[in-house]
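S.K.: structure for the following, please:
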Amino acid sequence: LQEDLEGCKQFLNWYFDSPTAPRLFRIHVGGDFFSYDYFCMWLDVIRDHPNTLFMAFTTQFDAIISRCLVIGLPDNLVLIASAWPRIPLPDWVPSKLPIAYMQDGTEDRIPENAWVCDGDCAGSCSAHCWNMRPGDAVVFKKHGPGVRKEKKHD
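M.R.: Numbers count the residues shown, from 1 in each chain. From the prediction side, this is the model:
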């Protein structure tokens, strides 16, 4: 990708132009936007495919996202700020992007009205993340070995 963004863009356009193209598409199941040019390539693809709703989580607030908010994001892109523990969150983010928190027992920034994900994207969730807007928040609970018990809020 770093060596051939144009080739990647051509492939993605071919994929999303196909009759079997998905109507919901999550960018990066793991990973993030690695450069401004890469993010802009995705913006071009997203704008060219208004019948698909795209979603991505990102920590690239200052390096990429703040620059793009000036020109505006496409209506068919839900961009969610990843605010995992110890990842600083710029003051401007909550008014511009929805936020995803990860609770590992140490996170204390989660708003009381945050949606708590139950991990059932295709079932009970009803695609909550796909409908998030600035000011909304979701919390994912960390699972697996080494998880601390969640802090109680006063």
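
S.K.: quick check: next helix or strand after the lowest-mean-pLDDT helix or strand in the chain?
M.R.: Least confident element among the helices and strands of the chain, by mean pLDDT, DSSP states H and E: helix 66-71 (a mean of 79). With elements assigned by DSSP states H and E, the helix or strand that comes after helix 66-71 is strand 77-83.

S.K.: which element follows that next one toward the C-terminus?
M.R.: helix 93-96.

S.K.: so how far is that next one from its chain's centroid?
M.R.: 13 Å (C-alpha atoms, centre = their mean, to the nearest Å).

S.K.: over to stretch 40-50?
M.R.: 15 Å.

S.K.: in that stretch, what's buried?
M.R.: Within stretch 40-50, the residues that count as buried by 16 or more other C-beta atoms under 10 Å are 40-43, 45-46, 49. Bear in mind the C-beta positions are built from the backbone N, C-alpha and C, glycine included.

S.K.: what about Arg86, neighbour count?
M.R.: By the other C-beta atoms under 10 Å criterion, the neighbourhood of Arg86 contains 8 residues.

S.K.: could you do Ala81 as well?
M.R.: As a burial measure, Ala81 scores 23 neighbours (other C-beta under 10 Å).

S.K.: now for it: which residues touch it?
M.R.: Neighbour list for Ala81: 57-59, 61, 65, 89, 93, 97-100 [criterion: C-beta atoms under 8 Å, 6 or more residues apart in numbering].

S.K.: which among these gets closest to Val78?
M.R.: Val78 lies nearest to Pro98 out of those, by C-beta to C-beta, at 7.2 Å.

S.K.: which one is that closest one nearest to, not counting chain neighbours?
M.R.: Met132 (3.6 Å; C-beta to C-beta, 6 or more residues apart in numbering).

S.K.: low-confidence ranges in the protein?
M.R.: 123-124, 126, 143-154 (pLDDT under 70).

S.K.: where's the spatially most central residue of it relative to Glu6, distance?
M.R.: Nearest to the geometric centre of the chain sits Phe57, at 2.0 Å (C-alpha atoms, centre = their mean). Distance of Phe57 to Glu6, given as C-beta to C-beta, to the nearest Å: 25 Å.

S.K.: same question, Phe39
M.R.: For Phe39 relative to Glu6 (C-beta to C-beta), the value is 15 Å.
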